[in-house]
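> Please work out how this folds:
(2 chains)
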Amino acid sequence: MPAGRPGPAAQSARRPPPLLPLLLLCVLGAPRAGSGAHTAVISPQDPTLLIGSSLQATCSVHGDPPGTTAEGLYWTLNGRRLPPELSRVLNASTLALALANLNGSRQQSGDNLVCHARDGSILAGSCLYVGLPPEKPFNISCWSKNMKDLTCRWTPGAHGETFLHTNYSLKYKLRWYGQDNTCEEYHTVGPHSCHIPKDLALFTPYEIWVEATNRLGSARSDVLTLDILDVVTTDPPPDVHVSRVGGLEDQLSVRWVSPPALKDFLFQAKYQIRYRVEDSVDWKVVDDVSNQTSCRLAGLKPGTVYFVQVRCNPFGIYGSKKAGIWSEWSHPTAASTPRSERPGPGGGACEPRGGEPSSGPVRRELKQFLGWLKKHAYCSNLSFRLYDQWRAWMQKSHKTRNQDEGILPSGRRGAARGPSR
Amino acid sequence: MDLRAGDSWGMLACLCTVLWHLPAVPALNRTGDPGPGPSIQKTYDLTRYLEHQLRSLAGTYLNYLGPPFNEPDFNPPRLGAETLPRATVNLEVWRSLNDKLRLTQNYEAYSHLLCYLRGLNRQAATAELRRSLAHFCTSLQGLLGSIAGVMAALGYPLPQPLPGTEPTWAPGPAHSDFLQKMDDFWLLKELQTWLWRSAKDFNRLKKKMQPPAAAVTLHLEAHGF
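Sure thing, here's the model as predicted:
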């Protein structure tokens, strides 16, 4: 587009471009309306070629005024004038061109080969499509959101560089029911993806494959067979809340809700929690959180802000033997532990709510607690709260005793000390 | 009508004629009615916005067509582009366009251009280009609606497309790919020129629609009246 804008005066003074007398002729079509001066034809018109092949082209000039010759004509390819040694005058009205060992097309719309008159004006043009046939797409992976739809992704063969526009088509059919279907919504999660929004059947496997086609040929991926129920994913758990546990400086309580879309089916859901300190990029992961909607993180640093996320896997839905696909992580929720002087090492499991013996250090601690309880408890229903009270008491008593414990070895948070009585 | 000095009947006739035509002046002197002014302003703003959007769309599209199409002074023969609505117009003709004609020309031009643009969205272009084109078409549709709004506010009928004269950009199966590229080039160029012109069209309309600062005064020469 020319730079600068013409004012009204310039607009009125604008004359038809001087090139107008020079017309192009379609290969098969009749001459277009025009002044009937020079016309030219390039042959071949818009050819498709393999990389490395050669091309012989001709530009034939026709025209009413006799004496229109091939003299002075020249070629450009993608705007660049071609060296004269590649051209030769075949006869009075035809200029030939020989190109060898062609590279892949500079743009997918085709290389622009143009035949120019002596004065530089365009007489004719031809688009060259130089590339490779597609290779087999592979690595098809699919997932279903809440058993309602199916999204698939694949990798194009040859990493996609065919230099030609390549059309990918995802096809699917029910294994024993014959009819091929074509996916219609492309590029939903990246350039090589497709989304099937509805009418999906359960309990019968699907056969899925990808067909790649371009001007030079086509290729088909291997067929992937899958059952919708084996590739189910769901939304991340909503309503994730993280809160402090009383005055405990190294614990936070995480609570969430089972993803509503599959709420009635998630009998065996698995969850994963990850958390990190505000300034860190290293996440700690709590794995194997089965079928519960809360977890207590322990061994945290006091007085620190933590970001927490939860995700869900609809494991074994409708009796599927396989794990499903993990959902996205929930939006990060932040909370901070209460302040203290003593740092604590990290843990990797949910702390039991009370009374359940789990890992070594907690068991030892609980043992001590129960010993203490025998002397002081009078209401076993409140054991959980009493446990917390005891812990808080433990921490306070350490402070007052002013013991210099230093950094405790991992996993032993005050378990080594018994209550001093 | 002509005012002959000293002709009191002539003056009366003039006054009557002026007063007779006054109610037909659209939406100027009615108090409290903003008139078509705000929608003309909006249309003007839209043309500027579209012009900006087109600059980036055209840049991307011409790069897709490849050199020499994306070179600054590229000026190929203008062939199939004969059917495109032309923005270029003689200055005096442009100045003397009445409001209805000015608006109608704009409306018809963009209707055709929108149709051609939709055809431009061809298979071979990249997904990203198709998205940009679709987005631009939507904005252009908005401009059409805005022009229609101005025409309605001024009481002008919308031009109806005559059956059988639907602009078809399908030039036939013999149309070569290179010719198609040239047609695409001219479409974008013409679209750009129209947006430049429309900005001036609507600016002119805006100035016309502004209520005059003082009341309309009639200068009458009174000789022996």
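> Remind me which helix or strand the closest residue to B:Asn70 other than its chain neighbours belongs to.
Distances taken as CB to CB, 6 or more residues apart in numbering or on different chains put B:Leu62 closest to B:Asn70, at 3.9 Å, once the chain neighbours are dropped. Every C-beta, even on glycine, is put in place using the N, C-alpha and C of the backbone. Remark: B:Leu62 resides in helix B:37-65, with elements defined by DSSP states H and E.
> What is the subsequent helix or strand relative to that helix?
The helix or strand immediately downstream of helix B:37-65 is helix B:91-96, counting by DSSP H and E.
> Is the helix or strand just after that next one in proximity to chain A?
For helix B:91-96, the succeeding helix or strand toward the C-terminus, using DSSP H and E, is helix B:99-120. No: with CB under 8 Å from any CB of the partner chain as the criterion, chain A is not reached by helix B:99-120; the gap is at least 12.0 Å.
> Tell me the helices and strands packed up against helix B:99-120.
Under the contact criterion of 3 or more CB pairs under 8 Å, 6 or more residues apart in numbering or on different chains; DSSP states H and E, the helices and strands touching helix B:99-120 comprise helix B:127-153, helix B:177-209.
> from these, which stretch is densest packed?
With neighbours defined as mean count of other CB atoms under 10 Å in any protein chain shown, these peak in mean count at helix B:177-209, which reaches a mean of 21.
> For that one, the averaged confidence score.
Confidence over helix B:177-209 (mean pLDDT, whole number) is 92.
> what packs against that helix?
Secondary elements touching helix B:177-209 (3+ CB pairs under 8 Å, 6+ apart): strand A:111-116, strand A:122-131, helix B:37-65, helix B:99-120.
> Please convert those to TSV, extending it with distance to A:Arg153, mean neighbour count and mean pLDDT.
Output for these, formatted as TSV (distance: least, CB to CB, whole Å; neighbours: other CB atoms under 10 Å in any protein chain shown; pLDDT from 0 to 100):
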stretch	distance to A:Arg153	mean neighbour count	mean pLDDT
strand A:111-116	32	24	96
strand A:122-131	24	24	95
helix B:37-65	25	18	93
helix B:99-120	29	19	91
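> of those, which approaches A:Glu85 most closely?
Of all those, it is strand A:111-116 that lies closest to A:Glu85, at 16.8 Å by CB to CB.
> Who are the packing partners of the closest one?
Here strand A:111-116 touches strand A:39-43, strand A:74-77, strand A:122-131, helix B:177-209, going by 3+ CB pairs under 8 Å, 6+ apart.
> Tabulate these (JSON lines), appending distance to B:Leu79.
As requested, those are exported to JSON lines (distance: least, CB to CB, whole Å):
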{"stretch": "strand A:39-43", "distance to B:Leu79": "11"}
{"stretch": "strand A:74-77", "distance to B:Leu79": "19"}
{"stretch": "strand A:122-131", "distance to B:Leu79": "11"}
{"stretch": "helix B:177-209", "distance to B:Leu79": "7"}
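> Which of the helices and strands in chain A ranks last by mean pLDDT?
When the helices and strands of chain A are compared on mean pLDDT, DSSP states H and E, strand A:23-24 comes out lowest with a mean of 36.
> which residues touch A:Trp329?
Contacts of A:Trp329 were listed using CB atoms under 8 Å, 6 or more residues apart in numbering or on different chains, and they are A:Pro236, A:Arg274, A:Gln309, A:Val310, A:Arg311.
> can you pick the most crowded of those?
The residue in these with the most neighbours, by other CB atoms under 10 Å in any protein chain shown, is A:Val310 (27 neighbours).
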